[in-house]
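**Q** What would the 3D arrangement of this be:
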Amino acid sequence: MSPGLSPLSDSLSAPPTPESFRQNPTDLSTKWLVQKFGGTSVGKFPIKIATDVVAKHLDGHKVAIVCSARSGSTKALGTTSLLLKAASQALQRSPKCGTSHANGAHTPIHPRPGHNKRTYSYTSDGDRVSQSPPSPRSVDGRSSGSSSPRRNGILGFTPLNGDSVKSALPEFHVTVDLIKDEHFKAARSSIRDPEILAELEKEIDSDCEWLRSFLCAAQVIDEISSRSKDSVIGLGEKLACKLMAAVLRDQISWIDSQGMEAEYVSLEDIVPSSHLTGDSDLSVGGISLEQPFYDELAKVIAQRIDQCGSRIPVVTGFFGPVPGSLLAQIGRGYTDLCAALLAVGLNASELQIWKEVDGIFTADPRKVPSARLIPVISPDEAAELTYYGSEVVHPFVMEQAIRKKIPIRIKNVQNPSGGGTVIHPAPEDPVQDSQWTNGHTTNPSSERPPTHLPLGTNGYGFDDPRNRRLPTAVTIKENIVVINVHSNRKSVSHGFLAGIFGTLDRYGVVVDLISTSEVHVSMAIADGIGKRMADRFVVELKRFGELSSRALQVSVEHDLAILSLVGKHMRSMVGVAAKMFSSLAERNVNIEMISQGASEINISCLIAARDAVKALNIIHQGCLKITPEEPMGRGEVPWIW
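**A** Numbers count the residues shown, from 1 in each chain. Coordinates of the predicted model:
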């Protein structure tokens with residue numbers, strides 16, 4: 001076994017394979033296909049994922065699945081949001097868990113009167129020291145059994161009796177119960193086979209009771225470290241993957257359907273130990289993970305998947321503790337990164353990211369009814385669109401796959417036959433040009449984009465170099481504020497600018513657009529930093545002026561938006577800026593600031609927020625040459641997220 005890999009102890013990991021179950025092809029020449037499903041898709045369409053997505057790709061590919069934590073009916077009921085809420089509640093002042101012995105060696109937890117009489121005790125190293133025999137547990141009349149005592153891989157804690165802490169920890173206890181109930185409901189609505197359902201409910205109950213025990217311990221020590229928070233949030237992906245593995249197997253209970261032999265794969269211990277210090281929190285602010293770390297991680301993830309044999313791996317997007325904390329180093333988009341690393345390690349033919357939208361559009365169809373689907377887009381364009389308002393795929397995630405020449409396809413779970421949008425490493429490669437004609441693929445192994453959304457004739461896809469080349473898309477980023485700093489001291493600007501940028505760095509303020517002169521700086525930033533932080537930032541700027549003997553005038557403007565025109569072909573286009581700004585001027589849209597990046601594939605300007613939708617439609621029609629006569633978008637959903 002490779003360093004950093006651990007055997008799976010969960011009962012859903014590797015059950016025996018009935019002959020009637022479908023599996024991945026065993027032919028070594030068959031390429032892998034990595035499919036990543038978002039939390040909303042897992043929450044709303046688990047059966048559709050199994051029958052219309054995974055099953056349809058097993059004939060020509062070996063399929064590996066990566067899942068995010070389930071989303072709820074509202075964002076507040078999403079698993080990740082509930083887990084963060086539970087962690088926060090555990091640190092609130094309330095009665096502590098249990099009663100400590102005088103010597104502090106053991107912490108027994110006793111049940112309330114009327115409940116099964118059992119006592120769990122654990123020592124400081126997580127070992128259980130006493131326990132009465134467990135009794136079966138029934139959920140809504142189903143005898144699912146209680147999970148056998150097991151050491152969880154996270155700090156070695158074992159589950160406590162959930163009933164015993166209800167009165168002691170009312171707040172996070174209710175949240176844990178809500179997480180459990182949400183997953184019980186999802187399981188019962190998606191799975192028919194009683195044995196598969198009982199097995200899954202047992203796993204859900206065991207994991208949620210581990211969470212209850214873990215949070216109880218966190219409350220005792222009054223601390224949740226960054227690594228501990230990672231572990232808590234990682235439970236969401238574990239529950240989602242166990243659900244999807246069970247749903248895939250359960251398809252055998254449906255008429256005219258075969259079950260799919262799936263294996264739940266947890267990556268919580270996959271990071272090689274050579275990359276971990278004794279306390280990974282020590283490096284939260286002082287370490288930056290370099291590319292060799294991700295290259296090695298991709299290899300060990302692929303090695304773990306090879307252990308699945310012909311079973312379909314259902315992989316947790318959470319890949320355990322990393323130096324400096326997973327959330328701090330990568331953020332909540334770690335599931336997309338995990339999918340990209342898996343695709344790299346397996347040398348997959350394609351990475352598919354399944355959402356609830358058809359792909360990337362020329363504009364947000366909720367605001368521009370004539371927006372059209374883009375069949376192929378370059379990584380640079382996708383990165384610019386992500387930064388300026390459309391949540392496509394994080395640029396760093398794209399980089400991992402694109403650098404290994406693996407295309408990324410964004411597809412719609414509700415429209416699996418659609419071609420989606422391909423982020424292609426070389427969209428103008430002559431080999432690829434032969435596959436894409438008039439916005440459609442001629443490669444039998446590729447799926448065709450919807451025929452009612454042609455872009456080739458207008459030059460918005462990378463279909464024929466003889467076509468007119470126009471910008472690819474237009475996007476808007478709202479809730480922008482501008483901070484203007486003016487110095488009345490006319491001297492060399494390096495000290496003035498250094499002080500401004502140093503203040504930005506200390507407060508962690510990210511600037512979207514900036515305009516500078518020798519004595520004046522205007523900075524457009526997202527309004528999400530909050531009023532208190534913005535006020536402190538302004539005060540700090542004025543303080544810098546006083547210390548440097550400069551009389552700085554600082555003003556703040558609110559209710560603004562950034563309008564961005566993006567297109568790879570804009571590098572060699574003459575007059576596109578003139579067309580953009582003249583189109584806005586003709587319709588009385590005032591421009592507050594102008595910026596063009598060094599890459600030359602993006603032109604952005606700052607406008608009043610009240611003109612955002614109007615300006616979006618003006619540029620979409622005037623610069624992209626898409627007339628509004630026939631609505632082409634799917635206006636009921638966002639164009640991408």
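**Q** Under the pLDDT cut-off, which ranges of the stretch 501-641 of the chain? List them.
**A** Residues of the stretch 501-641 of the chain that meet the criterion pLDDT under 70 lie in 530, 549, 597-598, 629-641.
**Q** quick one, strands of it?
**A** Using DSSP state E, counting those that start in this stretch, the strands of the stretch 501-641 of the chain run over 511-516, 520-526, 552-566, 593-596, 602-608.
**Q** Quick check: buried residues in the fourth one?
**A** Spelled out, that is strand 593-596. Across strand 593-596, burial judged by 16 or more other C-beta atoms under 10 Å covers 593, 595. C-beta coordinates here come from the backbone N, C-alpha and C atoms, glycine included.
**Q** Same question for stretch 44-57.
**A** Residues of stretch 44-57 classed as buried: 44-46, 49-51, 53-55 (neighbour count, 16+ other C-beta under 10 Å).
**Q** Need those in JSON lines (columns: distance to Glu171).
**A** Formatted as JSON lines, these follow (distance: C-beta to C-beta, whole Å):
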{"residue": "Lys44", "distance to Glu171": "28"}
{"residue": "Phe45", "distance to Glu171": "32"}
{"residue": "Pro46", "distance to Glu171": "30"}
{"residue": "Ile49", "distance to Glu171": "34"}
{"residue": "Ala50", "distance to Glu171": "36"}
{"residue": "Thr51", "distance to Glu171": "40"}
{"residue": "Val53", "distance to Glu171": "38"}
{"residue": "Val54", "distance to Glu171": "39"}
{"residue": "Ala55", "distance to Glu171": "42"}
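**Q** thinking again about what came up before, now tabulate the strands of the stretch 501-641 of the chain in a markdown table and tack on distance to Pro425.
**A** Listed next are these as a markdown table, based on distance: least, C-beta to C-beta, whole Å:
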| stretch | distance to Pro425 |
| --- | --- |
| strand 511-516 | 27 |
| strand 520-526 | 30 |
| strand 552-566 | 18 |
| strand 593-596 | 25 |
| strand 602-608 | 20 |
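**Q** Deepest-packed of these, please.
**A** Ranked by mean neighbour count under mean count of other C-beta atoms under 10 Å, these are led by strand 602-608, which reaches a mean of 22.
**Q** next one: the helix or strand hosting Tyr264 to chain centre, how far?
**A** According to DSSP states H and E, Tyr264 maps onto strand 262-265. From the chain centre to the centre of strand 262-265 is a distance of 21 Å (C-alpha atoms, centre = their mean, to the nearest Å).
**Q** quick one, phi/psi of Ile601?
**A** Backbone geometry at Ile601, expressed as degrees, to the nearest 10, gives phi -110, psi 10.
**Q** so it sits right up against Glu381, yeah?
**A** Yes. Ile601 sits in contact with Glu381 when judged by C-beta atoms under 8 Å, with a separation of 6.3 Å.
**Q** of those two, who's got more company?
**A** Using other C-beta atoms under 10 Å as the criterion, Ile601 and Glu381 rank with Glu381 on top: 26 against 21.
**Q** so which of the strands of the stretch 501-641 of the chain comes closest to Leu470?
**A** For the strands of the stretch 501-641 of the chain, proximity to Leu470 was assessed by C-beta to C-beta; strand 552-566 is nearest, at 10.2 Å.
**Q** Now do that closest one: distance to the chain's middle.
**A** 28 Å.
**Q** number of nearby residues for Gly236?
**A** Each residue near Gly236 was counted by other C-beta under 10 Å, and the total is 28.
**Q** Which pLDDT value goes with Lys404?
**A** For Lys404, the model assigns a pLDDT of 94.
**Q** Please identify the buried residues of stretch 586-600?
**A** Applying 16+ other C-beta under 10 Å to stretch 586-600 flags 589, 591-593, 595 as buried.
**Q** closest to Lys238 among the residues you listed?
**A** Among the buried residues of stretch 586-600, Ser595 lies closest to Lys238 (C-beta to C-beta), at 43.4 Å.
**Q** follow-up on the earlier one: which stretch among the strands of the stretch 501-641 of the chain comes nearest Pro369?
**A** Proximity to Pro369 (C-beta to C-beta) singles out strand 552-566 among the strands of the stretch 501-641 of the chain, at 18.0 Å.
**Q** Pass me the low-pLDDT residue ranges in the stretch 1-150 of the chain, would you?
**A** For the stretch 1-150 of the chain (pLDDT under 70), the answer is 1-20, 75, 93-150.
**Q** pLDDT averaged over the helix or strand where Ala246 lies - what is it?
**A** Under the criterion of DSSP H and E, Ala246 resides in helix 226-250. For helix 226-250, mean pLDDT is 93.
**Q** which of the buried residues of stretch 586-600 sit farthest apart?
**A** Pairwise over the buried residues of stretch 586-600, using C-beta to C-beta, the maximum falls at Val589 and Ser595, 16.3 Å.
**Q** Let me have the buried residues of stretch 586-600 in CSV, extended by distance to Gly236.
**A** Shown next, in CSV, are those (distance: C-beta to C-beta, whole Å):
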residue, distance to Gly236
Val589, 43
Ile591, 44
Glu592, 41
Met593, 40
Ser595, 38
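**Q** For Ala426, state which of these is nearest.
**A** Ser595 (28.1 Å).
**Q** got the buried residues for stretch 497-510?
**A** By neighbour count on 16+ other C-beta under 10 Å, the buried set for stretch 497-510 is 499-500, 503-504, 509.
**Q** hmm, back to that, compare the strands of the stretch 501-641 of the chain and give me the one nearest Val422.
**A** Closest of those to Val422 is strand 552-566, at 16.7 Å (criterion: C-beta to C-beta).
**Q** That closest one: partners in the sheet, and parallel or antiparallel?
**A** Strand 552-566 pairs in its sheet with strand 473-487 (antiparallel), strand 602-608 (antiparallel), by DSSP bridges.
**Q** So what's the gap between the first one and the chain middle?
**A** Averaged C-alpha coordinates place strand 473-487 at 25 Å from its chain's average position (C-alpha atoms, centre = their mean).
**Q** Same check on the last one?
**A** Counting by C-alpha atoms, centre = their mean, strand 602-608 is centred 27 Å from the centre of its parent chain.
**Q** quick one, that strand and strand 511-516 angle?
**A** If you take axes from the mean of the first three to the mean of the last three C-alpha atoms, to 10 degrees, strand 602-608 sits at 90 degrees to strand 511-516.
**Q** residue ranges for the helices of the stretch 351-500 of the chain, please.
**A** Assigned helices in the stretch 351-500 of the chain, in chain order: 379-387, 395-402, 430-433, 494-507 (criterion: DSSP state H, counting those that start in this stretch).
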